[in-house]
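A structural model of the following input is requested.
(3 chains)
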Amino acid sequence: MATYVIRRIIWTIPVILLVILLIFSLMKQIGGNPFRQTERAVPPAIQANLEEKFNLGKPWYAQYAYYVRDVATFNLGPSLVLRNRTVNEIVKAHFPHSLKLAILAIGWGLVIGLPAGIASALRPNSVFDYAAMLFSNIGFALPNFLVATVLIYYVALQWDLVPTNGWPSAFWDFNDKRLILPSFALGLFFMAFVARLVRGTMLETMQQDYVRTAKAKGLRWRRVVLRHVLRNSLIPVVTAVGPLIGLVITGTFVIETIFSIPGIGRYFVDAVAARDYSVVMGITVLAAIVVIVANLIVDILYGFLDPRTREART
Amino acid sequence: MRRNPWLLLVAALLVVLALGVAGCGGDDEAADEPGQTGEAEEPAAEQVITIAWGAEPPSLDPGLATDTTSSNVIGNIMDPLVVLDENLEPQPQLAESWEVSEDGTTVTYTLRQDGQWTNGDPVTAADFEYSWKRTLSPELAADYAYQLYGIQGAQEYNACESNCDRLADQVGVTAVDDHTLEVQLTSPQPWFIAQSAHHSFIAVHQATVEEFGEQWTEPENIVTNGPFMLEAWEHEASIDLVKWDEWRNADEVTLERVNGLIIVDGTTKLQAFEAGEVDAFDGGGLPPAEIPRLKETEEYEQYEYLGTYYYGFNVENVDLEQRRAMSLAIDRQTVIDNVAQADQAPGAGMTPPGIPGYDVINPESPWTPASGDLEQAQSLMDQAQSPKTNINLFHNNAPGHREIAVAVQDMWSEIGINTTIRAQEWAQYLEFLGPPPSNQVDVYRLGWIYDYPDAINGLELWTCDSGNNNTNFCNEEFDGLVEEARQTPDDAARFELYAQAEDVMFGEDGEMPITPIYHYTLINMEDTCIKDTFYIGALNSMDLTDVVVEGECS
Amino acid sequence: MAVQEPQTALDAGARMLPEAGVAAGAPVRQSSLWKDAWRRYIRNRGAVAAAIVFIVTVLYCFLIPGIWIVPGIWTDVIHDIDPYNVDFSQAYQGASLAHPFGTDAFGRDLFARAALGGQVSIQIGFAATFVILVVAILYGGISGFAGGSLDNVLMRFLDALYGLPFLPFAIITLAIVGTVNILTMVIALSIVSWFTDARVVRGQVITLKENDYVRAARAVGARWYRILGRHLLPNTLGILIISMFLSLPGVVLGEAFISFIGLGINPPDASWGAMANDGRDAYRSHPLTIVVPSLFIAALVLCANFIADGLRDALDPRTRET
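From the prediction side, this is the model:
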């Protein structure tokens, strides 16, 4: 097991290097001038000054080498457009907001979706099951900008219960009405996702021979559910939540825009539009690392949970 | 295998619980953020407003700022030499007076004695000399350094590769004494005084800039010299200003505090306004579809805005008859009434109404009637030497442009032109347009917002070697007129030259390198409690110094 | 969006195998497998309803915008039903008999616009899922079929690609190609979405490869392409169809997301996502403009889910009991 974990961890290093190279070469293909943000032409002398300042004149391999070196030392460079800020500052200031939004959204999924899914599975085809599945199908299908817009219109504008937009500035501030709507609008998808997943896997587990055997042996149903069904049904849920973190960075963009939340998703989209290479690179590399690490953790967890996958994946 | 799923479940539940507990436990410690929500309930006497800034300012450094929000913040925390009044005439601000030499090439500003920085230092002419040279320095690499190119030696210094220090000394800006700033211009520029109201001409505090480097604009470091101080800047979230009681003219400023939320999205901004969370915007950004409804409200405000929204032709792809025909086919009034919605003036020529000398320049053109002329357009189209019936119309991806393009696409289809609309992102778009433009471009959309109130600022875009001329249009007579105007300090004579230049572009025999769609207006939402005193100038400069909160803000 | 229940899809595939294995060999038996599946599908009322709604929606999308061209039909409302006809005097009409969904800012009929938007969304959705599957089959198939070191290299490379975040790459891809049309949108949406499916296909192929009938075919000297074409692909067809309907919602919602950023396809065409985004800027005054396209997106996603569920039950009788 230890060798498996170590091997997986070491393997992430070339993977990250490759991802950086991919992103880097893609960014080289993007046309557009980050130094011209208004319709006013930039005189050649000013353009030259800017390229000089941001090392854009060097050959690509030199730029790549510098970049890898900088990433290795956790330095993502200066922003080309937000002239008084570095990518490190941007990530440090805004990534936590997106992370918090995503954690809260996943939290909604676990708090509501999980019990709803379990209850549905225990009484399939009941009224509750139909209601829960109808709700989760709708939650799954509605685009989140519509959900957000409807929520704002009724909850904030008509009923005046919460502000229409905004986000607390401190990460640990969880006592703020402004957290509710955005996290719910984003979380609706996760709720539906988790509820459906749990219901499906539980129903499936209940068909399994060992559950039937346990039942036939005369074990109390509650005990069977707790000991056998739930335990085995939650594995896919836990492993599905890991990769969801990867959605944090851009999956939150729409919600961040609609609720004016200072998260990293907005920076990313703005930076692509403005051709702010260093910010795009920095955020994408960060997202890639998050995804890779999340996958790594999931794989290792899988390895613990189910020895068969260990063999299959190595 | 046996224990682990439980462990995971417990861990997951713990996380959920922790979130819940943190939610409940936060009650005592979390103090209400001031100004985020509570302002609406404040008593009327409280001189506090909440505004929505339209964007995260890319930089609050006057030397580096290029956008409206940055400029609006800077304009209220810094003290410019001059400000423009409602007639776009320069009025004394930090400079109590100025003098222009006989030949028009030397400008001498006399600074007020009582200007000071928030740390107590006096504001001196040396601050301006330092600041302007800093903006021009190649190391700072300021995008807007060219705003100062009218000063002698400025362009040479900005472009220097060697001998930079010597070139810096030769830049024509000198602090003669603490309160006298002498500027040598490359030519007589009668608009220079008005131009120095632009934020690029604002002074920065040398010691602070040198101490904190790129971090100097953060609220904990910044030293300012204007009516308000930068109290807090939460990136992408809020910018709060407070009145600076020591300001030389603080007695005349009533407003105590400005809470600013940064809200980029137009619909989000509007929702916040209608929920009473903000009292005003810093100009524009409203979704056009909502404007007809908002116009009926008391909070709706409309300002003059010096700028022209135009469609440029690639003159190598579209011949003269067809350019005239396409220009004639556009029903500008319909575009304004149904798409742009904000009572803009139909574009006649390049120069917008409201600019000094507009009556003389008066760009009346037979090719740009407000409601279009389909019949004549059709007959011109039939005369076209090499009519191009498949046209590529390019616009940048930003709210509003696509809608106008769809309307124009429909109008051009009436004269048998099949238009393909293609959108690109801003940075890529501008590169695509050149100059010279990519040959895929037949027509493109751009706008020009004036830097200073003189028609030259818009006309000089269309000279052969202009970096903003994306049309391939090049006319020696036009270039000659612009050059002559640059050497003509006398207003009446200069305006006459502008009129002739307009004629070369849009007159009876005009070349029509572009066709103007409309001249901008700026619409804003302002709560009735401040509406009378809230003001945005025609160059989109928001001035908060006169704001008085009267009655209840909703 | 990249989380379209990969486990379940995997399971569905794995569970299908024994059934497929039994059915392999004689074509008669195979057709009865499909017949069985059809019978089971028909019994699932939700799935049948979803299929009907889906077919009606597709017909609506692809027929309505064309009807105005056909002479004689609806001659009175010929202009109203043209999705491209700009008439500012008709801007932002409410729902009425002439305009069941009202009109947009340009006075264009939303009943026709929604159909047009549906064409774009459905085309992009199916084209992208198709591309995803083709790439996944090629990559996963080669990897699984070849095995050995080639398999190893391809899978390690896939591990690296797995690190690519979905939407950033779609956005960057669109930024690189510059202009957005259906083709570039399909490329952008599919370019980083095929990894999971490739793994699934590889797993399938490896399992199938070891099946008795494949071994038997190999033993009697069948060529590899014959094995691939005759035995392996037909037996993966079911899971591929399921997979297509499973991926569709993610692609459609992804396209809506990209349109929200303003990177939608060029006007005057528009997808449902782009229409909904336009509608959001007008919703306070004209709520229909956001509600109509959003509900269409939701309906498409819902139908695709139900159809996928129905197909899975039909092709895998073991879950049918619930």
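
Residue ranges in chain A under the pLDDT threshold?
A:1, A:31-32, A:37, A:39, A:238-251, A:302-314 (pLDDT under 70).

And the strands in it, which stretches?
Here chain A has no strands by DSSP state E.

which parts of the stretch 151-300 of chain B sit against chain A?
Residues of the stretch 151-300 of chain B lying close to chain A (Cβ under 8 Å from any Cβ of the partner chain) are B:155, B:158-159, B:214-218, B:234-238, B:261-265, B:267-268, B:271-272, B:274-275, B:277. C-beta here means a position set from N, CA and C on the backbone, and glycine is covered the same way.

In helices only, show me these.
Counting by DSSP state H, the part of those found in helices is B:155, B:158, B:267-268, B:271-272, B:274.

pretty sure residue C:272 contacts residue C:290?
No: Residue C:272 is beyond contact range of residue C:290, at 10.8 Å (criterion: Cβ atoms under 8 Å).

residue contacts, the residue nearest in space to the middle of chain B?
With distances taken as Cα atoms, centre = their mean, residue B:68 lies nearest the centre of chain B, 4.6 Å away. Shown in contact with residue B:68 (Cβ atoms under 8 Å, 6 or more residues apart in numbering or on different chains): B:54-55, B:282-283, B:540.

ok, back up a step: which one's more surrounded, residue C:272 and residue C:290?
More neighbours surround residue C:272 than the other of residue C:272 and residue C:290, with 33 against 23 (other Cβ atoms under 10 Å in any protein chain shown).

Phi and psi next, for the more buried one.
phi -60, psi -40 (degrees, to the nearest 10).

Is the spatially most central residue of chain C within a helix or a strand, and which one?
For chain C, residue C:248 is the residue whose C-alpha lies nearest the centre (Cα atoms, centre = their mean; 3.1 Å). Per DSSP states H and E, residue C:248 falls inside helix C:233-260.

Just checking that helix against chain A, any contact.
Yes: looking at helix C:233-260 against chain A by Cβ under 8 Å from any Cβ, the contacts come from C:249, C:253, C:256-257, C:260.

Run a quick neighbour tally on the residue of the stretch 101-250 of chain A found nearest chain B.
Closest contact between the stretch 101-250 of chain A and chain B, by Cβ to the nearest Cβ, is at residue A:175 (3.1 Å). Residues lying near residue A:175 (other Cβ under 10 Å) number 16.

just the one 5 residues further on next, same as before
Summarising burial for residue A:180: neighbours were counted as other Cβ under 10 Å, giving 17.

What spatial separation is found between it and residue C:284?
According to Cβ to Cβ, to the nearest Å, residue A:180 and residue C:284 sit 22 Å apart.

who touches the closest residue to residue B:408 other than its chain neighbours in this structure?
In space, and not counting its chain neighbours, residue B:408 is closest to residue B:330: 5.8 Å by Cβ to Cβ, 6 or more residues apart in numbering or on different chains. By Cβ under 8 Å, 6+ apart, residue B:330 lies in contact with B:311, B:372, B:408, B:411-412, B:515, B:517.

JSON lines please, covering these and showing neighbour count.
Formatted as JSON lines, those follow (neighbours: other Cβ atoms under 10 Å in any protein chain shown):
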{"residue": "B:311", "neighbour count": "23"}
{"residue": "B:372", "neighbour count": "21"}
{"residue": "B:408", "neighbour count": "28"}
{"residue": "B:411", "neighbour count": "22"}
{"residue": "B:412", "neighbour count": "22"}
{"residue": "B:515", "neighbour count": "26"}
{"residue": "B:517", "neighbour count": "25"}
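
Which ones among those residues map onto helices?
Per DSSP H, those map to helices at B:408, B:411-412.

Which single one of those residues is nearest to residue A:65?
Nearest to residue A:65 among those: residue B:408, at 48.8 Å, using Cβ to Cβ.

Kindly confirm whether my reading is correct that that closest one touches residue B:395.
No: taking contacts as Cβ under 8 Å, residue B:408 lies outside contact range of residue B:395: 9.9 Å.

okay, now residue 192: neighbour count?
In the absence of a named chain, this looks at chain A. 25.

Wait, chain C was what I had in mind.
So residue C:192, with other Cβ under 10 Å, has 20 neighbours.

Contacts only, for it.
Taking Cβ under 8 Å, 6+ apart, one finds C:161, C:164-166, C:169-170 in contact with residue C:192.

for these, which one is nearest chain B?
Among these, and counting by Cβ to the nearest Cβ, the member closest to chain B is residue C:170, at 14.2 Å.

The closest one contacts residue C:255, doesn't it?
No: with contact defined as Cβ under 8 Å, residue C:170 does not reach residue C:255; the gap is 9.2 Å.

Mutual contacts of those two, please.
Joint contacts of residue C:170 and residue C:255 (Cβ under 8 Å, 6+ apart) are residue C:189.

Settle it for me: which of the two has more neighbours?
Neighbour totals were compared for residue C:170 and residue C:255, and residue C:255 leads with 29 against 26 (other Cβ under 10 Å).

ok, that one touching residue C:121?
Yes: the pair residue C:255 / residue C:121 is scored as a contact, 6.5 Å apart, by Cβ under 8 Å.

quick one: residue A:11 from residue A:289, how far?
Going from residue A:11 to residue A:289 by Cβ to Cβ gives 14 Å.

likewise residue B:388?
From residue B:388 to residue A:289 the distance is 50 Å (Cβ to Cβ).

Could you list the contact residues of the stretch 201-322 of chain C toward chain B?
So the stretch 201-322 of chain C meets chain B at C:262-263, C:266-268, C:280-286, C:289 (Cβ under 8 Å from any Cβ).

May I have stretch B:208-222 as CSV, with CA atoms only?
C-alpha atoms of stretch B:208-222 as CSV (Å, rounded to 0.1, in the frame of the first residue of the first chain):
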residue,chain,number,x,y,z
THR,B,208,5.2,57.1,-0.6
VAL,B,209,5.6,55.8,-4.2
GLU,B,210,9.3,55.2,-3.5
GLU,B,211,8.7,53.6,-0.2
PHE,B,212,6.0,51.1,-1.1
GLY,B,213,6.6,50.6,-4.8
GLU,B,214,3.7,48.9,-6.5
GLN,B,215,1.8,48.6,-3.2
TRP,B,216,1.6,52.3,-2.7
THR,B,217,-2.1,52.5,-3.8
GLU,B,218,-3.3,50.1,-1.1
PRO,B,219,-5.3,52.0,1.5
GLU,B,220,-2.8,51.4,4.3
ASN,B,221,0.0,53.0,2.3
ILE,B,222,-1.6,55.6,0.1
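
And residue C:65, how far from chain A?
22 Å (Cβ to the nearest Cβ, to the nearest Å).

tell me the contacts of that residue?
C:83, C:112, C:115-116, C:119.

which two in those residues are spaced the farthest apart?
C:112 and C:119 (10.9 Å).

and which of the ones in helices among the contacts of residue B:330 is nearest chain A?
residue B:408 (19.0 Å).

Sketch out the low-pLDDT regions of the stretch 1-150 of chain B for me.
Those would be B:1-45, if you go by pLDDT under 70 across the stretch 1-150 of chain B.

ok, how many other residues are close to residue 280?
Went with chain A since none was named. 29.

Not quite, go with chain B.
Counted by other Cβ under 10 Å, the residues lying close to residue B:280 total 26.

Let me know whether it touches residue B:530 as I believe.
Yes: between residue B:280 and residue B:530 a contact is recorded at 6.3 Å, counting by Cβ under 8 Å.

intersection of neighbour lists for these two?
Common neighbours of residue B:280 and residue B:530 are listed as residue B:49 (criterion: Cβ under 8 Å, 6+ apart).

picking that back up, just give me the closest of the contacts of residue B:330 to residue C:304.
Comparing those against residue C:304 with Cβ to Cβ places residue B:408 closest, at 37.7 Å.

contacting residues for that closest one?
Residues in contact with residue B:408 (Cβ under 8 Å, 6+ apart) are B:311, B:330, B:335, B:393, B:419, B:517.

Residue A:128 now?
Residues in contact with residue A:128 (Cβ under 8 Å, 6+ apart) are A:119-120.

Say whether chain C is contacted by the lengthiest strand in chain B.
Longest strand of chain B, by residue count under DSSP E: strand B:300-313. No: Strand B:300-313 lies out of reach of chain C by Cβ under 8 Å from any Cβ, never closer than 14.0 Å.
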